[in-house]
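Trainee: Got a sequence here, can you build the structure:
(chains A and B)
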Amino acid sequence: MSETDAAWVDAALTSARPQAVGALLRYFRDLDTAEEAFQNASLRALKNWPQHGPPRDPAAWLIMVGRNAGIDDARRNRKQQPLPDDDRAISDLGDAESEIAERLDGSHYRDDILRLMFICCHPELPPTQQIALALRIISGLSVKQIARAFLVSEAAMEQRITRAKARVAEANVPFETPGSVERSERLAAVAAMIYLIFNEGYSASGETADIRKPLSEEAIRLARLLLRLFPSEPEIMGLTALLLLQHARADARFDAQGELILLENQDRTLWNQKLIAEGLALIDKAMRHRRSGAYQIQAAIAALHARAAKPEDTDWQQIDLLYGALEVVQPSPVVTLNRAVAVSKVKGAQAALDMIEPLAPKLANYFHFFGVRGAFLMQLGRNDEARIAFDRAIALANTCAEAAHIRMHLDRLMDESKPPGKKAGT
Amino acid sequence: MLYAILCYHDEDFVGSWSKEQDEAVMKKLAVVQEKLARQGRLGPVARLLPTTAATTLRKENPPLVLDGPYAETKEQLLGFYLVDCENLDAALEVARDLGAANPGGAYEIRPVGMFAPGGSVR
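Mentor: Model (predicted):
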C-alpha cells in the first residue's frame, strides 16, 4: 500500500467513524462491542480499499462489515444460541456494496451520532472523563495520543477511559429515538462537552500549546459535524462560530518564549482569516433566528474582536452590551468581570472598579480578578493598592505565562515609583 | 467556449485532512492552475466555506429562507453569481431581487473562503 493510500484510508476512516460507531452502538447496545466491531471493519478496510478502490459510502461499508463481524464474534462466543435472521451477507462483501447504502436505514443517522456523543457526556462522568471518552470513542484517537494531549501517562489515561466506560455501561442510556425535548437536552449537553474539549486545547500554556492544539481542532470538527446534523440550531451555529473565532487567534497567542500575548498586544496579521470568515458567516446565520443564547453571545463578542483590524478599532460599547446580555442568560461573576473590562474602555476605570468590587468574595481565589483589579487601580494612579492586587494575582497564577504577565505590570509600577533620573538605563 | 468545472467531494472527508495534507493538495492543484494561468485560460477560482455556513433561499412566494445547503436532487445546477456583500442579510437581499426576476427553484448562498480572480493565481 502506498503512502497516499494509507493517508487516504486513514482520513476516510476518521470521517466515517462517528456515524459507523454510532450505528453499531445502536445494533449492539454495548460500547465495547461496537468499538470492537468498528475496529474489525477498519482492519478489513485497510486491506480491501487500496485493492478494490474506495467504496462509494465508506460509513455504510464499515457499518455493514462491522455488524457482520460483531455477529460472527457473538456466534463464536455463544455457539448454542440461535443466530439473528438478518446476517446472510456476512462473508460476501465483494459486489454487494452498491446495495448496502440502500439497505441501511438512513433515518437513524442523526440520532446515532447524537446518542454516541451524548453517552460520552453522561452527567455522572466528571468533565475530564467525558473529554477522554469522547476523544477515544467519537474521534478515535489512540489512548497514547489522548494521554499525550492531557500530559498524563498512557496507563493513567487507559484507566480513566476504562472507568468512564464502566460508568456509562451502568448508566443505561436509552436507545429509543429521542423525543424533541430530550433531543434538545442532549444537544445542549453535547455542545457543552465539545466546548470542554476545545478549552482543553485552548487553555494550554505556551510550552504545551502545540501538543494540545489538536484538541481544539478536533472540537471544531465535532462542532461542524453536529451543525450539519442540526443545521437550524442557532446555538450550535454560535458554538461553532465561537470555536472558529477563538481558534483563529491560535498562532498569535504566544511569543517565541511561550509567553501568553494578550489580545490587545497580538499581531493581528497572524489571525487566520479563513476561520474568521467562517465564524462570521455562522454568527450572521445564527442571529437571523433571533433566539439568543450563551454561545451566540460569546461568538458575537469574539466576532467584534475579530472585525477590529487594530485594538483601538474594537467596538467596546457593543461588547459591553453583549456581556450585559450574557449576564442575563448565564449569570456568573466571571462574566461580570469580563464585562468590567469593556466598561473600563467605555466609561473609565472607576466605573469598572465599582462594578467588580462586589465580586471580591466570590472571586477571592481567582487569578484574573486580581489581575484585572490591579490594572484598573493602576489606571487610576492608586499604585500601592495595585501592587497588592498584582502580588495576590501572582500567588494565584496557574501558569508561568500568567505570572510573567503580571510581573511586567509590577515592573512598570516599580519604575514609576523610583525618583526621576534614577530609572534603569537613564 | 468557457467551461465551469464544479468541484464535488465529501466535505467530512476533506475536513478531516490535517493542515499539512490540505496544503499539499492545494499546492498540487496550484501547479495545474499556474499552467492554465500562463496560457491565459484560467478564470476565477474559488473555494467555498463548508456547507454548515450555507443558507438556502427557496424562490417561492414569499421566498423561504432555510439553514443549510440546497439538498434537493430534482433540480440541477444551472449557474452561479459571485457578489460582494457586507453580510448574510445583504446577500439574501440580492438573492431575493434575483428571485423576483426569475421565480422558481432556489438559490444556495455560500460564503467564499478562498478567491483568486482570473489569471492571478499564485
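Trainee: From here on, just use CA atoms for contacts and neighbour counts.
Mentor: OK.
Trainee: hmm, the lengthiest helix in chain A touching chain B?
Mentor: Determined from DSSP state H, the single longest helix within chain A is helix A:3-28. Yes: applying CA under 8 Å from any CA of the partner chain, one finds helix A:3-28 in contact with chain B at A:11-12, A:14-16.
Trainee: which residues are in contact with the helix or strand following that helix?
Mentor: Next along the chain after helix A:3-28, taking DSSP states H and E as the criterion, comes helix A:31-52. Contact partners of helix A:31-52, identified using CA atoms under 8 Å, 6 or more residues apart in numbering or on different chains, comprise A:1, A:5-6, A:9, A:13, A:17, A:20-21, A:24-25, A:28, A:55, A:62-63, A:65-67, A:69-70, A:137, A:165, A:169.
Trainee: ok, now stretch A:201-218?
Mentor: A:139, A:148-150, A:197-200, A:243, A:247, A:250, A:254-255, A:257-260, A:399, A:401.
Trainee: filter those to the buried ones?
Mentor: Neighbour counting by 16 or more other CA atoms under 10 Å in any protein chain shown classes A:139, A:149-150, A:197-200, A:243, A:247, A:250, A:254, A:259-260, A:401 among the contacts of stretch A:201-218 as buried.
Trainee: Need those in a markdown table (columns: distance to A:Ala41, secondary structure and pLDDT).
Mentor: Below are these laid out as a markdown table (distance: CA to CA, whole Å; DSSP: H, G, I helix; E, B strand; the rest coil; pLDDT from 0 to 100):
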| residue | distance to A:Ala41 | secondary structure | pLDDT |
| --- | --- | --- | --- |
| A:Ser139 | 16 | coil | 90 |
| A:Ala149 | 27 | helix | 83 |
| A:Phe150 | 29 | helix | 83 |
| A:Ile197 | 27 | helix | 91 |
| A:Phe198 | 29 | helix | 94 |
| A:Asn199 | 32 | helix | 89 |
| A:Glu200 | 31 | helix | 85 |
| A:Leu243 | 32 | helix | 98 |
| A:His247 | 34 | helix | 96 |
| A:Ala250 | 36 | helix | 92 |
| A:Phe254 | 42 | strand | 88 |
| A:Glu259 | 45 | coil | 79 |
| A:Leu260 | 44 | strand | 81 |
| A:Ala401 | 46 | helix | 75 |
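Trainee: which one of those residues is nearest chain B?
Mentor: When these are compared for distance to chain B (CA to the nearest CA), A:Ser139 wins out at 10.5 Å.
Trainee: I figured that closest one hits A:Ala20, correct?
Mentor: No: using CA atoms under 8 Å, A:Ser139 makes no contact with A:Ala20, being 11.6 Å away.
Trainee: What does the residue nearest to the spatial centre of chain B show for phi and psi?
Mentor: By CA atoms, centre = their mean, chain B has its centre lying nearest to B:Leu48, at 4.9 Å. With angles defined as degrees, to the nearest 10, B:Leu48 sits at phi -80, psi 150.
Trainee: Let me see the contact set for the residue nearest to it when sequence neighbours are not counted.
Mentor: Nearest non-adjacent residue to B:Leu48, counting by CA to CA, 6 or more residues apart in numbering or on different chains: B:Val112, 4.4 Å away. B:Val112 makes contact with B:46-49 under the criterion CA under 8 Å, 6+ apart.
Trainee: Thanks again, I'm all set now.
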